[in-house]
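Build the 3D model from these lines:
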Amino acid sequence: MRLNLEAELNGPQLEAVRTIEGPALIIAGAGSGKTRVITYRIAHMLEKGIPQHAILALTFTNKAAREMETRIKELTGKKLQSLTISTFHAFGVKILREEIETLGYRKNFSIYDETDRNELIKESLRETRAGSEETSVYSLGQLFSGIKTGRFTWGEVPGGLYPKGLSAAFERVYGEYQHSLKVFNALDFDDLLVLPIALFENHPDILDKYRSRYRYLLVDEFQDTSRIQYRLLRLLAQGTANVCAVGDDDQSIYSWRGANYENLLQFERDFPGTREIKLEQNYRSTATILEAANGLISHNTNRKDKKLWSGGEGGRPVELYYPSNEREEGEFIAARIKEHMIRERLRYDDFGVLLRTNSMTRPLEEAFLEANIPYRVSGGQSFFQRKEIKDILSYLRIIANPSDDVNLLRIINTPRRGIGKGAVQAVSELARKDKTSLWDIMDRLRRILGDTPPPLPPKTQVEVEAFMSLIDRFRERILGAGTRLSGEVRALVEEINYRSYLAAEFSKNEKIARWKFTNIEYLIQSIETWESDPDNLETGLYPWLNRVSLILRDDGNDEAGKGKVNLMTIHAAKGLEFPVVFIAGAEEGTIPHTRSLEEAAAAAGDTDPSALQGPLEEERRLFYVAITRARDKLYITSCQKRRRLQDEVERAPSPFLAEIPPHLITVHDEGKAPDNPGEADAFFARIKERFTPAALTN
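Take a look at the predicted model:
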């Protein structure tokens, strides 16, 4: 299949597709056909005879990688058996699967998600006897991530990340955490980038191998790369300098997870002769929406100059509504959705309702339920990813498959039963030598007990035998014919005394302990409902675990959200588009978010109010991203009052609303704008006052 580039691409797109040799920087505005350019570029490279295995395309989500691969297949008609289109982290895993033994790990390493990492941090705190009830495991995780990825050193820890109540022991805790990862043959997500870089920097032969393999590199969403991701890219790309970076600094909204939009500038310094190409024609939104977005983002000073434009004209005005409270806000949005569906024959999944934080969804969910509007929430934690649910799932997975080392390590000492890290290390070493599972080694030890000296202390050996007996008993009960799974899971939870474990873990916050145990009750009830369904022809542990695995896989699957309104954070909406978009909660202190500004100022360790400029511009970019998700119609709501705990608090509109050209806006008749013409200036003045040297020292 031969490509007809001239017929399919505009001038700047065509230039971007044909620029193959040497470094290229493609500044792709929102809706400018970025994915189209990337896929045509790769298809053009293949048509020019560049082998698949020589191309490496890196992006940020599995969904984006799958979409690219599908489009390239459609364009070329080829099977892409050796083309690498991957996320940064998946590419890191690919390298480590081949090379990790060089670093002293075994190839069957586990990858810890955030929940697993937090549990290991808690265990490291206990082992080192550091910290206190006030110590934030989340903050400690952020600190460890910053140290590991080189964002700062031990002598330069930002004040805002210094964990409360930890004193100077954090370095010792980090050492214990790193040691434990090695013992468990496990990696955290930072390791998936840090360890490949260690391989490349310390083993030039390995770097040369990958440079020879990947001679053409492309990075999507380049503005979202972190320093360490850029470092990995630079190591690979400096072999041939055939590297293309595609991004938009106006859509850089992930500094809180290490993204650094200044990599765009660094790229031009590291790769002299970079060819810069701007894609400014927007194919998504009406001219009205684009003019609103341009008017807003023009207030940012630290950006590459560009202006989105549309081939079409006009468009419906941006509609502002000032509801009395969040209940009225939800009713307004639900009513407008119904109205558009009737008048324009839209589907529920044509609507995007965007929020600054996931905690704001509840009133909207209630309004949608009352109006019988199906919806899905994106950007929050899956029920099955909660720590307490994962613990119980791990027990059930070990009952189903005792050789599952990852799940065994999760529960062997949860709740704590005296099987410490030393015991796990001893058993792991035997398993590694014999190339078998931990369960097989433990089973062998209990069968030969008395014949040879055990590698575990007698007290620990008793605990191991008790744990194995527990699993054996419940395997017999759960896999027995006619046994109801829900009742046995409830009995298992009682047997391990998980309620008491939660009470001890959250002794300072009984509400959290109760809430977590309620989640387990909900899990058991859902099993009972599933078992009682007359249309369910197959029950039992294995079918249920298979069902859960499919649910987990589908959590990020687009098909699961078909026919539902999309209720999500602005961050989760990046890369998406909808015919109709609602930006809810556009209020002072929400966007720009006061806490984000405060945390950024504290992390910067700077008492100069100008330190707020960076985070403030990122909040504006976030609002810009929200606006540019809309294709045809944009609504923005700003409550006059919003409930906070037991009180209703007066709210003022977001100062960003004053930055949208007023001729583009119409105020919805039902909501009267608050009388506060100087609110934007007053808001910024209050923010500056809050971060003056005097305020910070009080």
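
Distance of L199 relative to G315?
In this view, L199 and G315 are 52 Å apart by Cβ to Cβ, to the nearest Å. All C-beta spots, glycine's among them, are computed from the backbone N, C-alpha and C.

what's the neighbour count on T301?
Around T301 there are 7 other residues, counting by other Cβ atoms under 10 Å.

scratch that, R343 is what I was asking about
Neighbours of R343 (other Cβ under 10 Å): 8.

wait, is it part of a helix?
Yes: counting by DSSP: H, G, I helix; E, B strand; the rest coil, R343 is located in a helix.

Model confidence score at it, please.
Listed pLDDT for R343 reads 91.

Kindly report the same for R416.
87.

That one: what secondary structure?
Here R416 is coil, with the state taken from three-state DSSP.

Check the spacing between it and E476 real quick.
Distance, R416 to E476, using Cβ to Cβ: 25 Å.

Repeat that for S638.
60 Å.

between the two, who's got more neighbours?
Higher neighbour count among S638 and E476: S638, with 26 against 11, using other Cβ under 10 Å.

Please verify my assumption that the more buried one contacts L320.
Yes: the criterion here is Cβ atoms under 8 Å, and S638 meets it with L320 at 7.1 Å.

got any residues that touch both of those two?
Common contact partners of S638 and L320 (Cβ atoms under 8 Å, 6 or more residues apart in numbering): L657.

Next, the buried residues of the biggest helix by length in the chain.
Ranked by number of residues, the top helix in the chain under DSSP state H is helix 510-532. Residues of helix 510-532 classed as buried: 513, 516-517, 520, 523-524, 527-528 (neighbour count, 16 or more other Cβ atoms under 10 Å).

Centre of the chain to it, how far?
Distance of helix 510-532 from the chain centroid (Cα atoms, centre = their mean, to the nearest Å) equals 25 Å.

swap in stretch 347-357?
With Cα atoms, centre = their mean as the basis, stretch 347-357 stands 19 Å off its chain's centre.

follow-up on the earlier one: can you show me the CA trace of the longest helix of the chain as CSV?
Output of helix 510-532 as CSV, limited to C-alpha atoms (Å, rounded to 0.1, in the frame of the first residue of the first chain):
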residue,chain,number,x,y,z
GLU,A,510,-10.5,4.4,63.7
LYS,A,511,-12.7,5.8,60.9
ILE,A,512,-10.1,4.7,58.2
ALA,A,513,-9.9,1.2,59.8
ARG,A,514,-13.7,0.9,59.7
TRP,A,515,-13.9,2.2,56.1
LYS,A,516,-11.3,-0.3,54.9
PHE,A,517,-13.1,-3.2,56.6
THR,A,518,-16.4,-2.1,55.0
ASN,A,519,-14.6,-2.4,51.7
ILE,A,520,-13.9,-6.1,52.5
GLU,A,521,-17.5,-6.6,53.4
TYR,A,522,-18.5,-5.1,50.1
LEU,A,523,-16.1,-7.5,48.3
ILE,A,524,-17.8,-10.5,50.1
GLN,A,525,-21.3,-9.2,49.2
SER,A,526,-20.3,-8.8,45.6
ILE,A,527,-19.1,-12.5,45.5
GLU,A,528,-22.4,-13.5,47.1
THR,A,529,-24.4,-11.6,44.4
TRP,A,530,-22.3,-13.2,41.7
GLU,A,531,-22.9,-16.7,43.1
SER,A,532,-26.6,-16.1,43.4
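
quick one: contacts of it?
Contacts of helix 510-532 with the rest of the structure, by Cβ under 8 Å, 6+ apart, involve 383, 386-389, 392, 484-486, 489-490, 493, 498-499, 502-503, 505-506, 536, 539, 544, 547.

repeat that with 7 Å
Residues from elsewhere that reach helix 510-532, judged by Cβ atoms under 7 Å, 6 or more residues apart in numbering: 386, 388-389, 392, 484-486, 489-490, 493, 498-499, 502-503, 506, 536, 539, 544.

tell me the mean pLDDT for it?
Helix 510-532 shows a mean pLDDT of 84 in the predicted model.

Can you list the low-confidence ranges for the stretch 1-150 of the chain?
Residue ranges of the stretch 1-150 of the chain with pLDDT under 70: 1, 131-134.

Now do the strands in it.
24-28, 55-59, 84-87, 110-111 (DSSP state E, counting those that start in this stretch).

Can you list the helices and strands that the shortest one packs against?
Pointing back at strand 110-111 there. Using 3 or more Cβ pairs under 7 Å, 6 or more residues apart in numbering; DSSP states H and E as the contact test, no helix or strand touches strand 110-111.

And the first one, by the same measure?
The criterion is 3+ Cβ pairs under 7 Å, 6+ apart, and the helices and strands that strand 24-28 contacts are helix 34-47, strand 243-247, helix 263-270, strand 275-279.

now the angle from it to helix 263-270?
Here strand 24-28 points in a direction 160 degrees away from that of helix 263-270 (axes from the mean of the first three to the mean of the last three Cα atoms, to 10 degrees).

where's V548 relative to Q525, distance?
Going from V548 to Q525 by Cβ to Cβ gives 15 Å.

And for T590?
35 Å.

In contact with R446: list those residues for me.
Residues counted as contacts of R446 (Cβ under 7 Å, 6+ apart) are 465, 468.

what pLDDT, on average, does the host helix or strand of it get?
Per DSSP states H and E: R446 is located in helix 438-447. Helix 438-447 shows an average pLDDT of 83 in the prediction.

That helix: which residues count as buried?
Applying 16+ other Cβ under 10 Å to helix 438-447 flags 438-439, 441-443, 445 as buried.

Touching whichever helix or strand comes after it from outside, list them.
Following helix 438-447 in sequence order, the next helix or strand is helix 458-478 (DSSP H and E). The contact list for helix 458-478 (Cβ under 7 Å, 6+ apart) reads 398-399, 402, 412, 417-419, 423, 442-443, 446, 454, 456, 483, 485, 488, 492, 495, 541.

Kindly calculate the angle that whichever helix or strand comes after helix 458-478 makes with helix 510-532.
Sequence order places helix 485-495 as the next helix or strand after helix 458-478, per DSSP H and E. Put simply, helix 485-495 runs at 150 degrees to helix 510-532, going by the same axes, to 10 degrees.

Can you name every helix or strand that the strand or helix carrying N407 contacts?
According to DSSP H and E, N407 maps onto helix 405-411. Judged by 3+ Cβ pairs under 7 Å, 6+ apart, helix 405-411 is in contact with helix 387-400, helix 438-447.
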